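Novice: please find the sequence and the predicted model below.
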Amino acid sequence: MAALVPAATLEHPDSGAIWLAVNGADRQRADLADKIWPVKNLVSFISKSVRLKAGDLIFTGTPAGADSLKPGDVVRGGIDGIDGIGEFAVAVGE
């Protein structure tokens with residue numbers, strides 16, 4: 001997971017390529033615009049039944065290509081085209 005960025009800073013993006021690479025090979029790639037519900041709609045819907053607070057995370061599923069990881073794999077990911085969102089990288093441990 002990358003650093004948290006306040007939603008107000010991003011204005012609830014509705015497009016941008018979501019990607020994940022394992023050991024340098026693309027494993028998942030999709031666009032926010034292709035999700036069933038826009039990000040702002042998800043936040044609105046969830047906040048009607050749960051009080052969302054700073055730092056809360058909303059997990060929405062994953063694009064096609066999900067698979068297992070093994071020790072030593074290096075995972076990189078991010079969302080392209082959205083200022084303020086960086087990439088993340090992590091090595092899978094033993």
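Specialist: Looks like it came in fine. Numbers count the residues shown, from 1 in each chain.

Novice: hey, where'd the strands end up in this structure?
Specialist: Applying DSSP state E to the chain gives strands spanning 17-22, 25-31, 74-79, 88-91.

Novice: how close does residue 24 sit to residue 62?
Specialist: 20 Å (CB to CB, to the nearest Å). C-betas here are computed from N, CA, C, even on glycine.

Novice: more crowded one of these two?
Specialist: In this view residue 24 and residue 62 are compared by other CB atoms under 10 Å, and residue 62 has more residues nearby, 11 against 7.

Novice: I figured the more buried one hits residue 28, correct?
Specialist: Yes. Here residue 62 lies in contact with residue 28, judged by CB atoms under 8 Å, at a distance of 6.6 Å.

Novice: burial count for the closest residue to residue 60 other than its chain neighbours?
Specialist: Leaving aside its sequence neighbours, residue 60 sits nearest to residue 42 (CB to CB, 6 or more residues apart in numbering; 6.4 Å). Residue 42: 15 surrounding residues under other CB under 10 Å.

Novice: that concludes my questions; thank you for your assistance.
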